[in-house]
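1. The sequence and its predicted three-dimensional model are supplied below.
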Amino acid sequence: MNNLVNSSTLTSPLTLEGFIVPEESRAPLFIITFFIYIIIFVENVIILFVIISHRSLHAPMYLMLCNMTVCDLIGSTALMPRLMSDFLRDVRLISFEACIIQAFCIHMYSTTAQFILVVMAFDRYIAICRPLRYNAIMTTKTTAKLCSLAWGGAFVLIVILLALTIRLPRCKSLVVHAYCFNGALFVLSCADTTINNIYGLFVSYFITGLSLSVMAWTYAKILIACLFQSQHNCKTKAIHTCATHLVSYIVFEITILFAVMALRFPNITPNATKAMGTLTITIPPCLNPVIYGINTKEIRNNILKIFKNKIMSNNK
């Protein structure tokens with residue numbers, strides 16, 4: 001009998017619990033989610049287009065920003081279209097394969113984003129602390145290697161993470177969250193998940209520890225370099241150069257903190273926990289283009305030039 005149950009569970013689709021909301025609230029939530037996704041998509045595509053189409057922006061920092069933009073699009077696209085469809089359905093079924101793909105994309109987004117932020121921090125360190133050697137160190141080839149390492153490292157970590165989950169037999173089918181991720185998937189098994197817990201904690205602490213360590217080290221070096229610079233305009237330029245990256249990193253880490261804290265406090269309502277879990281996949285992709293577009297003069301000027309040319313061509 002147990003074998004029949006296990007076999008049936010393994011082949012049956014999963015159910016995403018999603019947000020528990022009244023029926024009259026589903027349409028407004030669908031519309032809000034739709035507009036947020038459109039904003040994220042349009043913002044990131046504009047940044048991507050501007051950087052790719054202007055050779056003057058093919059510098060290491062902007063190429064890294066391209067990688068961040070692609071990463072943001074992967075994360076938001078893995079979450080929001082599915083979330084929109086779930087607001088319109090009573091029964092939110094999803095195949096195990098589709099759930100694994102969604103979990104893979106979301107984990108790839110969060111892991112790669114942190115690695116790319118680490119690479120950006122290293123780039124800022126070289127630019128400010130080793131300005132005379134910057135062009136020799138941060139070549140296009142070096143930038144490509146660092147970004148490839150960020151994506152490749154994330155890929156290996158996440159494939160192992162999900163492979164450990166896929167091997168487990170399932171005896172439950174309800175995913176108690178708004179989307180699929182590793183922590184919500186391996187608890188569907190009634191088998192021993194000690195290895196999954198240990199490896200999951202290792203990945204989390206490794207990624208967070210690496211990003212915090214590199215950020216602390218690079219910005220300590222940058223701060224010391226700024227203190228010893230006698231020219232005021234050099235200090236201002238250094239601070240302005242780092243501001244966008246630091247704000248982007250802080251926003252990302254704060255959203256992660258909210259998501260983690262929500263899971264640790266049982267008195268928080270399920271809907272609030274799920275909402276905080278989606279912050280990391282919606283807030284940074286929405287704010288990053290604004291942060292870089294407003295604070296980076298080169299990107300801002302090129303975006304304004306594109307819109308100005310578009311308006312002038314329409315008026316002819």
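-> On my side now, so go ahead.

2. Which residue comes closest to Phe122 once chain neighbours are left out?
-> Take Phe122 and drop its neighbours on the chain: the residue closest to it by CB to CB, 6 or more residues apart in numbering is Thr218, 6.4 Å away. All C-beta spots, glycine's among them, are computed from the backbone N, C-alpha and C.

3. show me the contacts for the one you found.
-> For Thr218, the contacting residues are 121-122, 124-125, by CB atoms under 8 Å, 6 or more residues apart in numbering.

4. That one sits in which helix or strand?
-> helix 194-227 (DSSP states H and E).

5. That helix: which residues count as buried?
-> Residues of helix 194-227 classed as buried by neighbour count (16 or more other CB atoms under 10 Å): 196, 199-200, 203-204, 207, 211, 214-215, 218-219, 222, 225-226.

6. average pLDDT across stretch 142-162?
-> Averaged across stretch 142-162, pLDDT comes to 96.

7. for stretch 78-85, same thing?
-> The model assigns stretch 78-85 a mean pLDDT of 93.

8. That one: which residues count as buried?
-> 78-80, 82-84.

9. what's the answer for stretch 144-153, then?
-> Buried residues in stretch 144-153, counted by 16+ other CB under 10 Å: 146-147, 150-151, 153.

10. can you tell me which of the residues you listed are in helices?
-> Per DSSP state H, helices hold the following members of the buried residues of stretch 144-153: 146-147, 150-151, 153.

11. From Ile299, how far off is Ile46?
-> Distance from Ile46 to Ile299, counting by CB to CB, to the nearest Å: 9 Å.

12. out of the two, which sits in the more crowded spot?
-> With neighbours defined as other CB atoms under 10 Å, Ile46 and Ile299 compare such that Ile299 has more, 22 against 18.

13. now the more buried one: how far from Val50?
-> 6 Å.

14. Now for the two: what residues contact both?
-> In contact with both Ile299 and Val50: Leu57, using CB under 8 Å, 6+ apart.

15. what pLDDT does Lys235 get?
-> Reading off the model, Lys235 has pLDDT 59.

16. and what of the one 4 residues further on?
-> In the prediction, the pLDDT value recorded for Ile239 is 69.

17. cool, and Leu117?
-> pLDDT, Leu117: 93.

18. Next, show the common contact partners of Ile46 and Ile299.
-> Joint contacts of Ile46 and Ile299 (CB under 8 Å, 6+ apart) are Gly293.

19. what's the next secondary structure element after the helix or strand of the chain with the lowest mean pLDDT?
-> Using mean pLDDT, DSSP states H and E, the weakest-scoring helix or strand in the chain turns out to be helix 2-11, at a mean of 47. Downstream of helix 2-11, the next assigned helix or strand under DSSP H and E is strand 14-16.

20. Determine the set of other helices and strands touching that next one.
-> If contacts are counted by 3 or more CB pairs under 8 Å, 6 or more residues apart in numbering; DSSP states H and E, strand 14-16 sits against strand 93-94, helix 96-129, strand 174-175.

21. what pairs with it, and is each one parallel or antiparallel?
-> strand 93-94 (antiparallel), strand 174-175 (parallel) (DSSP bridges).

22. Show the average pLDDT along the last one.
-> Within the predicted structure, the mean pLDDT of strand 174-175 is 90.

23. what's in contact with the helix or strand just after it?
-> Sequence-wise, the next helix or strand downstream of strand 174-175 (DSSP H and E) is helix 182-186. Helix 182-186 is contacted by residues 99-100, 103, 107, 161-162, 164-165, 168, 175-177, 193, 196, 200 when judged by CB under 8 Å, 6+ apart.

24. same thing with stretch 42-59?
-> By CB under 8 Å, 6+ apart, the list of residues contacting stretch 42-59 reads 62-63, 65-66, 69-70, 72-73, 140, 285-286, 288-290, 292-293, 298-299, 302-303, 306.

25. got the buried residues for that stretch?
-> Residues 43-44, 46-48, 50-51, 54, 57, 59 are the ones in stretch 42-59 that count as buried (16+ other CB under 10 Å).

26. in the helix or strand encompassing Met64, what's buried?
-> Per DSSP H and E: Met64 is located in helix 60-87. Buried positions in helix 60-87, judged by neighbour count with 16+ other CB under 10 Å: 60-80, 82-84, 86-87.

27. and the angle from that helix to helix 96-129?
-> With axes from the mean of the first three to the mean of the last three CA atoms, to 10 degrees applied, the angle from helix 60-87 to helix 96-129 works out at 150 degrees.

28. among the contacts of helix 182-186, which ones are buried?
-> Listed as buried from the contacts of helix 182-186 are 99-100, 103, 107, 161-162, 164-165, 168, 175, 177, 193, 196, 200; burial here means 16+ other CB under 10 Å.

29. right, and the pair among these with maximum separation?
-> Using CB to CB, the pair of these lying farthest apart is Leu164 and His177, separated by 18.8 Å.
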